[in-house]
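**Student:** Give me coordinates for this.
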Amino acid sequence: MESKSIQKLINRAVEILQRSAIPRPRLEAEILLAFVLNCSRVSLHSQGDREVEEFFAESFFRLIKRRSLYEPIEYLTEKVSFYGEELYVSQGALIPRPETEILVDKALGIIAQYRCKNIAEIGIGSGAISVILAHLSGDSSLSFHASDISPEALFNARVNQMRFNVVNLTLHHSAYLDFNTQLGVPFDLLISNPPYIRNNEKIPESLAYEPKCALFGGERGDEVLLKVIDTARAFRIPYLVCEMGYDQQRSVQDYFGAIPHKSLEFYQDLAGLSRGFVAEF
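**Tutor:** Residues are numbered from 1 along each chain as shown. Model (predicted):
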């Protein structure tokens, strides 16, 4: 491939992305070229006539090809914005969503109000929730324990743990809180963003790149979610903050209707959809 200018590379990439109906094709082309050239998008605008070496141009178009096949841009750049911070993310870990920032807010409120010291997370994924909670709290006396069944997810969490220098987080390759059967930590709060999509539900093409174990929650979609509730009760954890599917409020309400609990409060996402709940046992 002959060397081409930054502007020509971007224009060509926009044409490719438009054919795949990628939203914001110019923005995404600029993000990927800036990533390849290790520069800012602003510098691309001021250096439109700059010639790009063949190696970098080829690397750029390989990423454009992958994006045109709907691979999430977060996996291509191995970074995602979450709660005002930049996290590492790669295939094997769920890409953190903006609505999960609400869960972080709820958890911060519970930790502060009830002076929680031992916090557990089921399904840590990239580490977005526990790492950011530990980072934001700034309280080294807090203790975080987080599990995941995926080694790839735990690798992501470990990278982010190191990136934010979080020393009070212990990672466990474990289902639910099985690791605590031996440890016996008296947890004050359990947090989770479990898989909650029905197994046979059709998903967007971009979601096909994300780990199935972090997306699909069973035949009904709420099986893992309800197991998280059971786990909180089994380990006598007084507070639970959990994300859920927009259509699962009734299922959760019915389940809590059959078990002892002190309170149950649902919260909505920015679109006004039911997105999670806070429970006290």
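**Student:** All the helices of the chain, in order from the start?
**Tutor:** 6-19, 25-37, 41-46, 54-68, 73-77, 100-114, 128-137, 151-163, 180-183, 223-234, 249-256 (DSSP state H).
**Student:** weakest of those helices by average pLDDT?
**Tutor:** Per-stretch averages of pLDDT across the helices of the chain put helix 41-46 at the bottom, with a mean of 90.
**Student:** for that helix, which positions count as buried?
**Tutor:** Neighbour counts over helix 41-46 (16 or more other CB atoms under 10 Å) mark Leu44 as buried. For the C-beta atoms, the positions are set from N, CA and C on the backbone; glycine is no exception.
**Student:** if we can go back for a sec, most neighbours per residue, which of the helices of the chain?
**Tutor:** The highest mean neighbour count among the helices of the chain, using mean count of other CB atoms under 10 Å, belongs to helix 128-137: a mean of 24.
**Student:** other SSEs contacting that one?
**Tutor:** The contact analysis (3 or more CB pairs under 8 Å, 6 or more residues apart in numbering; DSSP states H and E) places helix 128-137 against strand 80-82, strand 85-87, helix 100-114, strand 118-122, strand 143-148, helix 151-163, strand 169-173, strand 189-192.
**Student:** relative to strand 169-173, how tilted is that helix?
**Tutor:** Using axes from the mean of the first three to the mean of the last three CA atoms, to 10 degrees, the inter-axis angle of helix 128-137 relative to strand 169-173 is 170 degrees.
**Student:** Put the alpha carbons of helix 128-137 into PDB.
**Tutor:** Only the C-alpha atoms of helix 128-137 are listed here, as PDB (Å, rounded to 0.1, in the frame of the first residue of the first chain):
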ATOM      1  CA  ALA A 128     -15.000  -1.700  36.500                       C
ATOM      2  CA  ILE A 129     -17.200  -1.800  39.600                       C
ATOM      3  CA  SER A 130     -14.900  -3.000  42.400                       C
ATOM      4  CA  VAL A 131     -11.800  -1.200  41.100                       C
ATOM      5  CA  ILE A 132     -13.600   2.100  40.700                       C
ATOM      6  CA  LEU A 133     -15.400   1.700  44.100                       C
ATOM      7  CA  ALA A 134     -12.000   1.100  45.800                       C
ATOM      8  CA  HIS A 135     -10.400   3.900  43.800                       C
ATOM      9  CA  LEU A 136     -13.200   6.400  44.600                       C
ATOM     10  CA  SER A 137     -13.600   5.500  48.300                       C
END
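**Student:** wait, what's in contact with Ser192?
**Tutor:** The contact partners of Ser192, taken as CB atoms under 8 Å, 6 or more residues apart in numbering, are Glu121, Ile122, Gly123, Val228, Leu240, Val241, Cys242, Glu243.
**Student:** can you pull up the bridge partners for the nearest residue to Pro151 once chain neighbours are set aside?
**Tutor:** Spatially, and ignoring its direct neighbours in sequence, Pro151 is nearest to His173 (6.5 Å; CB to CB, 6 or more residues apart in numbering). On the basis of DSSP bridges, His173 is bridged to Asp148.
**Student:** So for Ser40, which of the helices and strands packed on helix 128-137 sits nearest?
**Tutor:** Closest of the helices and strands packed on helix 128-137 to Ser40 is strand 85-87, at 13.7 Å (criterion: CB to CB).
**Student:** Might you report the residue contacts of Val36?
**Tutor:** By CB under 8 Å, 6+ apart, the contact set of Val36 is Phe56, Ser59, Phe60, Leu63.
**Student:** these two touch, right, Ser147 and Ile122?
**Tutor:** Yes - Ser147 is within contact range of Ile122, at 5.8 Å (criterion: CB atoms under 8 Å).
**Student:** which neighbours do these two share?
**Tutor:** Joint contacts of Ser147 and Ile122 (CB under 8 Å, 6+ apart) are Tyr176, Leu177.
**Student:** How about Phe82, nearest residue that isn't a chain neighbour?
**Tutor:** That would be Pro96: by CB to CB, 6+ apart, it lies 4.4 Å from Phe82.
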